[in-house]
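Student: structure of the sequence below:
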Amino acid sequence: MTERGMRTSCGALRAGDEGRTVELDGWVNRRRDHGGLIFVDLRDWEGVTQIVFAPEQDHFATAERLRHEDVIRVCGTVRRRPDGTQNPRLGTGDVEVGVARLEVLNRSEVPPFQVNADDAVDENLRLEYRYLDLRRPRMQRNLRMRHRIVKAIRDFFDAREFVEIETPMLIKSTPEGARDYLVPSRMHPGSFYALPQSPQMLKQILMVAGFGRYLQIARCMRDEDLRADRQPEFTQVDVEMSFVTQDEVLETMESCMRAVWKAALDVDLPPFPRLTYDEALRRYGSDKPDLRFGLELADVGHAFAASEFAVFASTLARGGEILALRYPGGAALSRRDFDALTELAKTHGAQGMVWIARAASGTKSSAAKFLSADEIAAVCDGAAAAEGDAVLLFAGDRAAVRATAGRMRLEVGDRCNLRDPAKFAFGWVLDFPYLDLDEATGKPAPAHHAFSAPVDDHWELIERDPMAVRAQHYDMVLNGYELGSGSIRIHRPDQQRKIFEMLGLDDAEIEARFGFFIRALGYGAPPHGGMALGIDRIAMLACGEDSIREVIAFPKNQVARDVMMDAPSGVPDELLHDLNLRTTLPGPHGR
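Tutor: Below is the predicted model of the structure:
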């Protein structure tokens, strides 16, 4: 103890500290005048302590002028609160500090929003004053949770003897599925570095280098359109292992998430169910299904094999599907409610929607004129619809109708309160197609990336039927989000070259983009595989948030701007000159 008192945090004092002389530093969280006494809740990053100023003290006049977010230092004596004034919501709620000395370290301007509460505030205003927003209880909780998650990840992999290795931020631009952020080189005019979309090739090269178990909490950048679970820069736990099977990778990553949830939330997770890609689409209409609830889609095409309903008959004739979705309690909906659901389904790609309501008073349907009693009964049986339920029917080409029905399944899950934010339903999705059709070009492109290995007996399909090739690729999903992807990699240079050729690259393009990588594989690359999980999404779901901006200290807004720093912004002309750059847009610095 010193003359000034023992410095302690605002969340540490308890009844057993009664009589101690302490020093506290923090922000004024609240200030109240009661009967001549001034009460201040003093806040720091560990908690809140009530401090009391008496009118006979020299510093009382200064205490009267204190306002929210002023930074102060006090010295005083810990004492019990009077009976009936304890605050059970605070860890320090049994005690208070009678202030003997007050020092104002910094005055605060009037904040643009309440810092001591989690009231709704416009997001752009929050991001502009992010340094204040981060003081709020919700953001303090979220970032502390993120810290515990990252620590648990590192502890888990350290216990399994993984080596954490950092990879560079300035690399070569290579196709990774999104646009690169480019960095011009001053020393090499006209040439550019790229910021990494992921450390994919570098971590594979680390396997070639003999580091059999690699880990990195990796920063990644992608220039792509934003949404609630996507940012231009993001963080992933990046893992690679040599001489492993797919099952061994899945066991490692599943065990990691179990350890994280136990350490950070004290939750014991059950084993993760495994679905094939085809099974996930067939049952849930999505390759990242929300497994917190059932309501599986039912193919009821058999019920309409002889139907005279033109919409259904034509769908089946061209090889499409008719899918049924049970709506628990949906028979209570009005015709207007069903009309609104139909319009919503159209926004999700449906041409229309047929509904059947199985009420106690009888069965009703929007297509009652066209459907027989036997067809309606078969649909209800196929969808497991009981009395009081409704069934929503969607018809169309297989991929489109599954996507529409899957989105409507989530809508029904929300309306029926089946998507419990406190529940965590992990799962695996396996056996993805190797190729998808690129929406922009209409040409085949890797569904994941070009470094994934095809299923062993599918190599011969590459030239004969490339769209039928399946990849040794796997996704981890949680509550309807993809947490991350991984695969067993190609480790032979001839096979990697064959994949590039399948994608339409000629020898010159392969050499220019990937020559260094193929040469590395030629020097005894071991079989290897790995995975990357998005830490931002993990933290978002663990915190019960619906946007990763709520678990990132300094995120960009919905149009990729940092409104606090005003970035991106123009730069001085001399910097552009040094980089041999000029803009073609009007205004200073192209703005």
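Student: now the element after whichever strand in the chain runs longest, going C-ward?
Tutor: Looking across the chain with DSSP state E, the single longest strand is strand 21-34. As assigned by DSSP states H and E, the chain's next helix or strand after strand 21-34 is strand 37-44.
Student: from the chain's centroid, how far away is the longest strand of the chain?
Tutor: 37 Å (CA atoms, centre = their mean, to the nearest Å).
Student: ditto for stretch 558-576
Tutor: 26 Å.
Student: run through the neighbouring helices and strands of the helix or strand containing residue 511.
Tutor: For residue 511, the element it lies in under DSSP H and E is helix 507-521. Counting contacts by 3 or more CB pairs under 8 Å, 6 or more residues apart in numbering; DSSP states H and E, helix 507-521 is packed against helix 200-208, helix 493-502. The C-beta positions use only the backbone N, C-alpha and C, and glycine is treated the same way.
Student: give me the contacts around the longest helix along the chain.
Tutor: For the chain, the longest helix by residue count, based on DSSP state H, is helix 137-159. Outside of helix 137-159, the residues within contact range by CB atoms under 8 Å, 6 or more residues apart in numbering are 45, 116-118, 133-134, 164, 213, 215, 217, 237, 239, 255-256, 259-260, 263-264, 535, 538-539, 542-543, 545, 550-551, 553.
Student: the inter-axis angle of the longest strand of the chain versus strand 37-44?
Tutor: 120 degrees (axes from the mean of the first three to the mean of the last three CA atoms, to 10 degrees).
Student: who does strand 21-34 pair up with?
Tutor: Partners of strand 21-34 in the sheet, by DSSP bridges, are strand 6-7 (parallel), strand 37-44 (antiparallel), strand 71-80 (antiparallel).
Student: next secondary structure after the second one?
Tutor: The element immediately downstream of strand 37-44 (helix or strand, assigned by DSSP H and E) is strand 47-53.
Student: what sits against the residue nearest to residue 277 when sequence neighbours are not counted?
Tutor: Distances taken as CB to CB, 6 or more residues apart in numbering put residue 432 closest to residue 277, at 4.8 Å, once the chain neighbours are dropped. Going by CB under 8 Å, 6+ apart, residue 432 touches 277, 287, 447-448, 470-471, 473-475.
Student: now swap in residue 487 and tell me
Tutor: Going by CB under 8 Å, 6+ apart, the list of residues near residue 487 reads 448-449, 451-453, 471-474, 529-531.
Student: just the closest of those residues to residue 496, please.
Tutor: Nearest to residue 496 among those is residue 451, at 7.2 Å by CB to CB.
Student: wait, doesn't that closest one sit right on residue 202?
Tutor: No - Residue 451 is beyond contact range of residue 202, at 11.5 Å (criterion: CB atoms under 8 Å).
Student: may I see the domains of this structure written out as residue ranges?
Tutor: Here the domain parsing of the chain from automatic domain parsing is 6-106, 140-275+427-551, 293-419.
Student: would you list those domains in JSON lines and tack on mean pLDDT?
Tutor: Converted to JSON lines, the domains of the chain look like this (pLDDT from 0 to 100):
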{"stretch": "domain 6-106", "mean pLDDT": "96"}
{"stretch": "domain 140-275+427-551", "mean pLDDT": "94"}
{"stretch": "domain 293-419", "mean pLDDT": "95"}
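Student: picking that back up, quick one: the longest helix of the chain to chain centroid distance?
Tutor: Using CA atoms, centre = their mean, the offset of helix 137-159 from its chain centre is 15 Å.
Student: please identify the pairing partners of the helix or strand following it and their relative orientation?
Tutor: On the C-terminal side of helix 137-159, the nearest following helix or strand under DSSP H and E is strand 163-164. Next to strand 163-164 in the sheet, as set by DSSP bridges, lie strand 213-221 (parallel).
Student: from the contact counts, what lies against the following helix or strand past the strand it pairs with?
Tutor: Next along the chain after strand 213-221, taking DSSP H and E as the criterion, comes strand 233-242. When contacts are defined as 3+ CB pairs under 8 Å, 6+ apart, strand 233-242 sits against helix 200-208, strand 213-221, helix 246-265, strand 481-488, strand 528-534, helix 535-542.
Student: ok, back up a step: buried sites along the longest helix of the chain?
Tutor: 139, 142-143, 145-146, 149-150, 152-153, 156-157 (16 or more other CB atoms under 10 Å).
Student: export those to a markdown table and tack on distance to residue 88?
Tutor: Below are the buried residues of helix 137-159 laid out as a markdown table (distance: CB to CB, whole Å):
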| residue | distance to residue 88 |
| --- | --- |
| 139 | 24 |
| 142 | 24 |
| 143 | 26 |
| 145 | 23 |
| 146 | 28 |
| 149 | 29 |
| 150 | 32 |
| 152 | 30 |
| 153 | 35 |
| 156 | 36 |
| 157 | 40 |
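Student: among the helices and strands packed on helix 507-521, which is nearest residue 317?
Tutor: helix 493-502 (34.0 Å).
Student: run a quick neighbour tally on residue 180.
Tutor: 20 (other CB atoms under 10 Å).
Student: my guess is it contacts residue 197, does it?
Tutor: Yes - assessed by CB under 8 Å, residue 180 is found in contact with residue 197 at 6.7 Å.
Student: so what sits against both of these two?
Tutor: residue 221.
Student: returning to what we had before: for residue 497, state which of the contacts of residue 487 is nearest.
Tutor: residue 451 (12.1 Å).
Student: skip the chain neighbours and tell me the closest residue to the closest one.
Tutor: residue 489 (5.3 Å).
Student: kindly report the same for residue 63.
Tutor: Nearest to residue 63 is residue 53, by CB to CB, 6+ apart, at 4.0 Å.
Student: who's in contact with that neighbour?
Tutor: 37-40, 59-60, 63, 99, 102.
Student: correct me, but residue 354 touches residue 390?
Tutor: No - using CB under 8 Å, residue 354 is not in contact with residue 390; the gap is 10.9 Å.
Student: in terms of neighbours, single out the busier of those two.
Tutor: Ranked by neighbour count (other CB under 10 Å), residue 354 and residue 390 place residue 390 first, with 27 against 23.
Student: got the phi and psi for the closest residue to the more buried one other than its chain neighbours?
Tutor: With sequence-adjacent residues excluded and distances taken as CB to CB, 6+ apart, residue 390 is closest to residue 330, at 2.8 Å. Here is the backbone geometry of residue 330 (degrees, to the nearest 10): phi -70, psi -10.
Student: now distance to residue 308 and mean neighbour count too, for the strands paired with strand 21-34, in CSV please.
Tutor: Putting the strands paired with strand 21-34 into CSV (distance: least, CB to CB, whole Å; neighbours: other CB atoms under 10 Å) gives the following:
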stretch, distance to residue 308, mean neighbour count
strand 6-7, 84, 12
strand 37-44, 71, 20
strand 71-80, 78, 19
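Student: out of those strands, nearest to residue 415?
Tutor: Comparing the strands paired with strand 21-34 under CB to CB, the one sitting nearest is strand 37-44, at 39.8 Å.
Student: mind listing what's buried in stretch 189-204?
Tutor: Result for stretch 189-204 [16+ other CB under 10 Å]: buried residues 193-204.
Student: again with stretch 101-108
Tutor: residue 102.
Student: for residue 560, which of the domains of the chain is the nearest?
Tutor: It's domain 140-275+427-551; of these, that one is closest to residue 560 (CB to CB) at 5.3 Å.
Student: measure that closest one end to end?
Tutor: The straight-line separation of the ends of domain 140-275+427-551 (CA to CA, to the nearest Å) is 10 Å.
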